[in-house]
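Chemist: Got a predicted structure plus its sequence, pasted below:
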Amino acid sequence: MPPRPPRSHLYVPADQPRFLRAARRGDADALILDLEDAVAPARKDDARAAAVAFALDRPATGGPELWVRVNTGARGLDDARALLATGRIDGLWMPKAAAGPEFDALAALVAGSGGRPAAGSSTAGPRAAAGSSIAGARAAAGPLVAGSVALGLLVESAAGVLTLGTVARHPVVRRIQLGEVDLRADLRMEPDSARGDDLLDWARGPAVAHAVAYGLECAVAPVSVHPSDRAAFRASSLRLRGLGFQGRACIHPDQVAVANEVFGTDAAELAGAHALLDLFERHERDGAGAFRDGEGAMADAATVRRARELTGRTAAAPAGSTGPADPPAPAAPTEPAAPAEPAVPSDAADAVGPDGAQAR
């Protein structure tokens, strides 16, 4: 069973040394050094140099994952080359991600650096052998090997939402995030003044669905631009977890503890998952496919799927079987149509540093 994805992804403006020092000592599962919106144009070169130095100084083992949000255009490709050359980052986040030459160029750089390429490096090329599903091809390839680099998609425009199915199928893509501040602006929507409104749920659901259908590691829930309101952040995080997100982007260290709690697995939840599986396996041995759980709700093989993911337990092979009993994951479409509805979260356009200062 693959490890659980990060619970918290903390944006850190790369041109702020004290924020970088604090982030290294913090509790975030993943850091996203920001070279884009959180950095003033005049400091872009300094931010890139600082990110390279931070990566090179990274401990060989332990510590949070290290990702970098690069810029758009030619500068972003230069950012990517500099960071990939360190050999010390886990991934790059592409802002304003959408199908087209810019995505193809960045994906090719990542693939050439050690991210696992597949048959065809263009978004238009074949992803897997004929008859194989995209998700199945990813599963067969296994997780990214140590030393390889992944690509994350920050979907921040209508074009990005509508071409998500094209870019998500590329073999180096591993995560999706909605950049909701930019997305709202592109769609001529009002800013999120309600501290967690549901007006972009139509985009969030398809983002999660694309992550699952294409075998990605996770869909990351969007940032909240209200870092001082921890209660609202927790409430919206619980709701986003309910939508299927497996971690959340943060723009302030105070949000990290909340994200780690909400998107983690506590002892009671794990014990409940084991108890449900025990009950399911007992009824299965007795020849019952469906049963009532401890609270009287109906349960069956579909119901216990989440419990298997939490516990890592697999189904026992039936008597006389030589193969695994779990059914294969549902096949993803090999030639997906443009999504009828949009993609997923985050953009730290208003990144905040560890002491709460705006780092725009």
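Modeler: Sure, I can see it.

Chemist: Let me see the ranges of the strands in the stretch 101-250 of the chain.
Modeler: Counting by DSSP state E, counting those that start in this stretch, one finds strands in the stretch 101-250 of the chain at the ranges 150-155, 173-178, 218-221, 247-250.

Chemist: where in the stretch 151-300 of the chain is pLDDT low?
Modeler: 193-194, 266-273 (pLDDT under 70).

Chemist: how about a cut-off of 80?
Modeler: 192-196, 266-300 (pLDDT under 80).

Chemist: just to revisit the earlier point, the strands of the stretch 101-250 of the chain: which one's closest to residue 234?
Modeler: strand 247-250 (10.4 Å; Cβ to Cβ). No exception for glycine: its C-beta is placed from N, CA and C like everyone else's.

Chemist: Now do that closest one: everything it contacts.
Modeler: 5-11, 28-30, 32, 177, 218, 220-223, 237, 240, 255-256, 259, 262-263, 345-346, 348 (Cβ atoms under 8 Å, 6 or more residues apart in numbering).

Chemist: sorry, back to before: can you redo the strands of the stretch 101-250 of the chain as TSV with mean neighbour count?
Modeler: Below are the strands of the stretch 101-250 of the chain laid out as TSV (neighbours: other Cβ atoms under 10 Å):
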stretch	mean neighbour count
strand 150-155	29
strand 173-178	30
strand 218-221	30
strand 247-250	30
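
Chemist: so can I have TSV of those strands showing distance to residue 274?
Modeler: Shown next, in TSV, are the strands of the stretch 101-250 of the chain (distance: least, Cβ to Cβ, whole Å):
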stretch	distance to residue 274
strand 150-155	31
strand 173-178	29
strand 218-221	23
strand 247-250	23
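
Chemist: ok, back up a step: among the contacts of strand 247-250, which are in helices?
Modeler: 237, 240, 255, 256, 259, 262 (DSSP state H).

Chemist: Check whether the fourth one really touches residue 27, as I assumed.
Modeler: Yes. Proximity of residue 256 to residue 27 meets the contact threshold set by Cβ atoms under 8 Å, at 5.4 Å.

Chemist: hey, what's in contact with both of those two?
Modeler: Both residue 256 and residue 27 are contacted by residue 8, under the criterion Cβ under 8 Å, 6+ apart.

Chemist: Neighbours of residue 24, how many?
Modeler: 17 (other Cβ atoms under 10 Å).

Chemist: That one sits in which helix or strand?
Modeler: Residue 24 is part of helix 17-25 when elements are defined by DSSP states H and E.

Chemist: elements contacting that helix?
Modeler: With contacts taken as 3 or more Cβ pairs under 8 Å, 6 or more residues apart in numbering; DSSP states H and E, helix 17-25 sits against strand 8-13, helix 44-56.

Chemist: Just the buried positions in it, please.
Modeler: By 16 or more other Cβ atoms under 10 Å, the buried positions in helix 17-25 come out as 19, 20, 22, 23, 24.

Chemist: Now tell me which of those the prediction trusts least.
Modeler: Checking pLDDT across the buried residues of helix 17-25, the minimum falls on residue 24 at 93.

Chemist: Grab the nearest non-local neighbour of that residue.
Modeler: Leaving aside its chain neighbours, residue 24 sits nearest to residue 63 (7.3 Å; criterion: Cβ to Cβ, 6 or more residues apart in numbering).

Chemist: Do I have it right that that neighbour meets residue 26?
Modeler: No. Look at residue 63 against residue 26 with Cβ under 8 Å: they stay out of range, at 10.2 Å.

Chemist: Same drill for these two, tell me which one is more crowded.
Modeler: The neighbour comparison of residue 63 against residue 26 (other Cβ under 10 Å) goes to residue 26, with 17 against 12.

Chemist: What's the separation between the nearest residue to that one once chain neighbours are set aside and residue 63?
Modeler: Once flanking residues are discounted, residue 26 sits nearest to residue 253: 5.5 Å by Cβ to Cβ, 6+ apart. Separation of residue 253 from residue 63 (Cβ to Cβ, to the nearest Å): 15 Å.

Chemist: Ramachandran angles for residue 90?
Modeler: Main-chain torsions, residue 90, degrees, to the nearest 10: phi -90, psi -30.

Chemist: Done for today, thanks.
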